[in-house]
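Colleague: can you look at this prediction? I've put the sequence above it.
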Amino acid sequence: IMGEQSDIEILAPAEAQNRFKTVFQKFLNSIASEEHPLVIFLDDLQWADIASFNIIKEILEDYHQSHLMIIGAYRTNEVHETHPLQQILNNLTKNKYYHHIHLQNLSQENTNQLVADTLKCSVEETIALSDLIFNKTQGNAFFVTHFLKALHENNLLKFDFDKKVWKWDMAQIKKLHLPNNIVEFMATKIQSLDDSTQDVLKLAACIGNKFDLKTLSVIYEKSLVDTFFHLGKAISEGFIIPVEGKLLMLDDEILQAEDFTYKNYEYKFVHDRIQQAVYSLIEDDKKSIFHYKIAKLLYDILQKEQSNAGLLDITNHFNQGQTHIQNHEVLILI
């Protein structure tokens, strides 16, 4: 579009950042106009890095183009008072053009509209089906989608290729013994995964909502490659997603790269209810063992690195696995 460009002048970091900010704002100016307004939607802002937040902050504070709308989505339970995003939001409250909308779960009517749109039919045809789905999911859009997938996987939601329509049998669906709450429902879905995927997911759920591949491989006591491949099905099913590094699949090029071993790929359960569902699959007498094992392995790493990073997490795991702590280990921690 622009043709070959000459090399840009190498500047000091501060000047280079200012140049990027200026060029980016000029770029937005060239796109957003009265004839062609521009809307930018940014999802999962709670996971953005500092550099991205700085750019967003600069645009919001310095950008005076009236034909630009920025929509940002984030999870309130993951944005604490000292989070970079919260600081930006605090400053925006003084801006009369800033509007904060707290999204609730879908209503029963909205759920029916979503189901009807998904199945390409009228809302009148899907009332009975969507009512059942709403009662099971309480209108959580993520779980509505997974519920529909479960019906399809159980062959209760079929596509008629001759008539080009979706078909379902409410009598058969009601006979299906589906759990009464979403945690049990998701636990059932997770139990359909292979044993190795379930094993590594259980350890990940013990670590917390967010975990990194290196730590998980140490706790799992397998290589990074094996750990990742055992996570593969959970990633493809959408139970966990990459936070940083964006590693979705392994290929020969990545495996042969020298930095694969050194990069710390982070993953996150896509919803806290997913983590809760996986955690619920662990037998009660094994939970404390898992937490104790995690604490011991993480503490060994901490000792080797001579660092205090993660000490609170380690203490929390020891607390949950305290029945297995020997007296001398308590003295070492103290």
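Modeller: Cool, the structure landed. Residues are numbered from 1 along each chain as shown.

Colleague: helix or strand right after the helix or strand that contains residue 214?
Modeller: Assigned by DSSP states H and E, residue 214 belongs to helix 213-220. The helix or strand immediately downstream of helix 213-220 is helix 224-236, counting by DSSP H and E.

Colleague: just the buried residues of the next helix or strand after that next one, please?
Modeller: Later in the chain than helix 224-236, the nearest helix or strand by DSSP H and E is strand 240-244. For strand 240-244, burial by neighbour count (16 or more other Cβ atoms under 10 Å) applies to 240-241, 243. C-betas here are computed from N, CA, C, even on glycine.

Colleague: all helices of the stretch 51-200 of the chain, in order?
Modeller: Assigned by DSSP state H, counting those that start in this stretch, the helices in the stretch 51-200 of the chain fall at 84-92, 108-118, 127-137, 141-153, 170-175, 182-190, 195-207.

Colleague: tell me how far the third one lies from the chain's centre.
Modeller: Here helix 127-137 shows a centroid-to-chain-centroid distance of 25 Å under the convention Cα atoms, centre = their mean, to the nearest Å.

Colleague: likewise the last one?
Modeller: For helix 195-207, the distance from its own C-alpha centre to the chain's C-alpha centre is 16 Å (Cα atoms, centre = their mean).

Colleague: pLDDT averaged over it - what is it?
Modeller: For helix 195-207, the mean per-residue pLDDT is 91.

Colleague: repeat that for the second one.
Modeller: Throughout helix 108-118, pLDDT has a mean value of 95.

Colleague: got it, and the fifth one?
Modeller: When the per-residue pLDDT values of helix 170-175 are averaged, the result is 87.

Colleague: can you check stretch 43-62 too?
Modeller: 80.

Colleague: and what of stretch 323-331?
Modeller: For stretch 323-331, mean pLDDT is 59.

Colleague: so where's the stretch 1-150 of the chain uncertain?
Modeller: The model of the stretch 1-150 of the chain has pLDDT under 70 over residues 62-65.

Colleague: just the stretch 151-300 of the chain next, same as before
Modeller: 178-180, 244-264.

Colleague: can you rerun that using 50?
Modeller: 252, 258 (pLDDT under 50).

Colleague: phi, psi for the most centrally placed residue in the chain please.
Modeller: Note on the chain: the residue nearest the mean C-alpha position is residue 270, at 3.5 Å, using Cα atoms, centre = their mean. With angles defined as degrees, to the nearest 10, residue 270 sits at phi -60, psi -20.
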